[in-house]
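**Q** Next come a sequence and a model predicted from it.
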Amino acid sequence: MGQPSVAASGAAAPPKPEDPQRKAIPSVPLDALKEKFPEAIEEIAFFAGEVTARIKLARLVEIACFLKDNSRTKMDLLSDLSAVDYPKEPSRFEINYHVYSIPHRHRLRLKIRVAEGESVQTVSGVWATANWHEREAYDLFGITFAGHPDLTRILLPDDWKGHPLRKEYPLEGFPEQHPRYR
């Protein structure tokens, strides 16, 4: 009882082919996001067993609150926030929010695009860890977060010139900041 039926030859029927990327990914966070904010999702990608949703910048905080507070998702941890610099793109920076649900044990990556000089609304009121992550993105990329409680440098001295993870930053830093030239 409970066993799959076996064909007369003794072999089980072959499984139906599925998208191997989609198979390993829990659908609950993505399905909930698609149901609540279908117009805010710009792109969905599956890779290496993870799902990524590129969303509209203007809806970031609303989506973050929903994912954290919704009983189906309970995305209660911002485990990481990272940025990528694409200097030739109109929206130069891509920010990646890696969120995790401790009770449900599922992950989701949210991506937004931000232009040079454009500010992103802080999510530090949603996930407390965003306070440090956003300060790091500000320090290393120069991305500003509107409404952040303390948007100051976190890794480099206050008088540091530039943002070292931008593509145009000199590989050895600016000469006046290098100990060899002081």
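**A** Thanks, I have it. Residues are numbered from 1 along each chain as shown.
**Q** what about stretch 83-98, how long is it end to end?
**A** End-to-end span of stretch 83-98 (C-alpha to C-alpha, to the nearest Å): 11 Å.
**Q** Tell me the buried residues in that stretch?
**A** By neighbour count with 16 or more other C-beta atoms under 10 Å, stretch 83-98 contains the buried residues 83, 85, 92-95, 97-98. All C-beta spots, glycine's among them, are computed from the backbone N, C-alpha and C.
**Q** List just the nearest of those to Asn70.
**A** When the buried residues of stretch 83-98 are compared for distance to Asn70 (C-beta to C-beta), Tyr97 wins out at 16.0 Å.
**Q** Okay, and that closest one sits in which element?
**A** strand 93-101 (DSSP states H and E).
**Q** Name all residues that make contact with Val84.
**A** Listed by C-beta atoms under 8 Å, 6 or more residues apart in numbering, the contact partners of Val84 are 93-94, 96.
**Q** What strands line up against the helix or strand encompassing it, and which way round?
**A** Per DSSP H and E, Val84 falls inside strand 77-85. Strand pairing for strand 77-85, determined by DSSP bridges: strand 93-101 (antiparallel).
**Q** For the chain, which segments are assigned as helices?
**A** Using DSSP state H, the helices assigned to the chain run over residues 20-23, 28-36, 60-69, 130-141.
**Q** Which of the ones you listed comes out lowest on mean pLDDT?
**A** Ranked by mean pLDDT, these end with helix 20-23 at the bottom, a mean of 50.
**Q** any low-confidence regions in this structure?
**A** Applying pLDDT under 70 to the chain picks out residues 1-26, 172-182.
**Q** any chance of the helices of the chain in CSV, plus mean neighbour count and distance to Gly117?
**A** Formatted as CSV, the helices of the chain follow (neighbours: other C-beta atoms under 10 Å; distance: least, C-beta to C-beta, whole Å):
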stretch, mean neighbour count, distance to Gly117
helix 20-23, 11, 36
helix 28-36, 17, 29
helix 60-69, 18, 17
helix 130-141, 20, 12
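**Q** ok, for Glu42, nearest residue in space, not its chain neighbours?
**A** Ranked by C-beta to C-beta, 6 or more residues apart in numbering and with sequence neighbours excluded, the top spatial neighbour of Glu42 is Arg54, at 4.5 Å.
**Q** meant to ask about Glu94, not that
**A** Counting by C-beta to C-beta, 6+ apart, Val84 is the residue found nearest to Glu94 once chain neighbours are left out, at 4.5 Å.
**Q** again, but for Arg109
**A** Thr52 (4.3 Å).
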